[in-house]
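Peer 1: no sequence on this one, just coordinates:
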């Protein structure tokens, strides 16, 4: 990891919430499969490949969002469709009419 990447990660860590928060992914509440908690700490991880590491180009690899459960510590990884902070509105009407 280069100096600039380290500075960026440090700045990200300082701006992150000190408390775990809920997230939504693909329209569903993110829930820990182990303890069913809905509060998570956000993190990032590089998706390293052997070829890029061999060429010393780890910085060019894609990045994944990680959510660590605030209750039990289980880590979930998200790639393309990254979750956003928030709670699912349980009072919203469904998009599909069940009678049709």
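Peer 2: Yes, it's here. Keep in mind that this is a model prediction, so the values were computed, not measured. Numbering: from 1, shown residues only.
Peer 1: Which SSE is immediately downstream of the lengthiest helix in the chain?
Peer 2: Longest helix in the chain by number of residues, with DSSP state H as the criterion: helix 3-15. With elements assigned by DSSP states H and E, the helix or strand that comes after helix 3-15 is strand 23-25.
Peer 1: Direction included, what does that next one pair up with?
Peer 2: Counting by DSSP bridges, the strands paired with strand 23-25 are strand 28-29 (antiparallel), strand 84-85 (antiparallel).
Peer 1: Of all those, which one is nearest residue 6?
Peer 2: Taking CB to CB, strand 84-85 is the member of the strands paired with strand 23-25 nearest to residue 6, at 24.8 Å. Quick note: C-beta positions are derived from backbone N, CA and C, even for glycine.
Peer 1: which residues are in contact with that closest one?
Peer 2: For strand 84-85, contacts defined as CB atoms under 8 Å, 6 or more residues apart in numbering pick out 21-25.
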